[in-house]
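Engineer: I need the structure of the sequence given here:
(one chain, ligands or ions: 1)
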Amino acid sequence: MDKKLAVGNWKMNLLREEARELSGAIVNLLGEDYEDCQVVLVPPYTALDVVGSCISGSNIELGAQNVFGRTMGAFTGEVSAPMLVDAGCRWVIVGHSERRHILGETDEQIREKVSLSVSCGLKTILCVGETEAQREEAVSRSEDALARKSLLFSPIRTQIESALGPLDEKQVSDIVIAYEPVWAIGTGKNATSLEIEEIHQYITELLAEMFPGSGNNVRILYGGSVKTGNIEKIMSVEEVDGVLVGGASLSVDSFFRIIKSVGG
Ligand code: PEP
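Structural biologist: The predicted model follows:
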């Protein structure tokens, strides 16, 4: 299994100078040789170059928050996977819940994005997770364990089967899954250790079923209001291979402490 991962998703925040300061401070605090876990910084497109320069020579890698599902052409405003590679990205996030739920991205679009990203050599973080209503519906069937599980797992199964269906065993080794319950993103609400464990175990089983040769090697991150106060508890869940961090990755101090906890 590859190293654990600490991914900082800066979302639509930070001007270039601010991005330079934050990434420079992270490199300084960690040191260029830091390798206890793989750190990935995911700034907005406009700051990819400055962050890329700041982390150059260190073990920190660069990622993008989105990609379009075609390689080139008349798609005004979009950015393709080869363009991300050209801009120095090794990673891309696909299917983040803000893109699914605020920007209306569909499973079909996400499938195209994943396939193209992987074929261009990008390590691809596929975000999946249930909404609050989906979890509540499942919980309302608590007296029937099978019905509860089937309702709870169904959105995750659909998202993963749809996005990874076209991939082969070799391509899936470039995939990382981020389990991000939609109700926990940017809300301060956390999934409990048991809730995280249950879904991560399910994803592990599903990947093994879909990709018997390599599914076991796919890392599974947790994301959703990860903070310095809960990172130890989250990382103590055996099935958690790292974290995708939004808000808390915008502060040097908190992201540094999170990285150190992930690195162990
Ligand atoms: C995210 O951006 O994927 C995320 C989980 O955000 P936050 O940590 O702010 O909840």
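
Engineer: number of residues surrounding the closest residue to the ligand within the stretch 1-150 of the chain?
Structural biologist: Using C-beta to the nearest ligand atom, the point where the stretch 1-150 of the chain gets nearest to the ligand is Asn9, with a distance of 4.0 Å. For every residue, glycine as well, the C-beta is placed using N, CA and C. Using other C-beta atoms under 10 Å, Asn9 has 26 neighbouring residues.

Engineer: list the contacts for it?
Structural biologist: Residues touching Asn9, when contacts are defined by C-beta atoms under 8 Å, 6 or more residues apart in numbering, comprise 42, 65, 93, 96, 223, 244-246, 249.

Engineer: switch to 7 Å and redo it
Structural biologist: Asn9 makes contact with 42, 65, 93, 244-246, 249, according to C-beta atoms under 7 Å, 6 or more residues apart in numbering.

Engineer: leaving out chain neighbours, which residue sits closest to the residue in the chain positioned nearest to the ligand?
Structural biologist: Proximity to the ligand, evaluated over the chain using C-beta to the nearest ligand atom, is greatest for Gly246 at 2.2 Å. Once its chain neighbours are removed from consideration, Gly246 has its nearest residue in Asn9; the separation is 5.1 Å (C-beta to C-beta, 6 or more residues apart in numbering).

Engineer: what do you get for Ile234?
Structural biologist: For Ile234, ignoring the flanking residues on the chain, the nearest one in space by C-beta to C-beta, 6+ apart is Tyr222 at 5.5 Å.

Engineer: so what's the one you found bridging to?
Structural biologist: Beta bridges link Tyr222 to Tyr179, Val243 when assigned by DSSP bridges.

Engineer: and Glu35, helix, strand or coil?
Structural biologist: Here Glu35 is recorded as coil under DSSP: H, G, I helix; E, B strand; the rest coil.

Engineer: just list the residues touching the closest residue in space to it that isn't next to it in sequence, thanks.
Structural biologist: Counting by C-beta to C-beta, 6+ apart, the nearest residue to Glu35 once its immediate chain neighbours are dropped is Asn59, at 5.2 Å. With contacts taken as C-beta under 7 Å, 6+ apart, Asn59 has the following neighbours: 33-35.

Engineer: 8 Å instead, please
Structural biologist: Listed by C-beta under 8 Å, 6+ apart, the contact partners of Asn59 are 32-35, 38-39.

Engineer: same question for Arg20.
Structural biologist: Under the criterion of C-beta under 8 Å, 6+ apart, the contact partners of Arg20 comprise 47, 50-51, 53-54.
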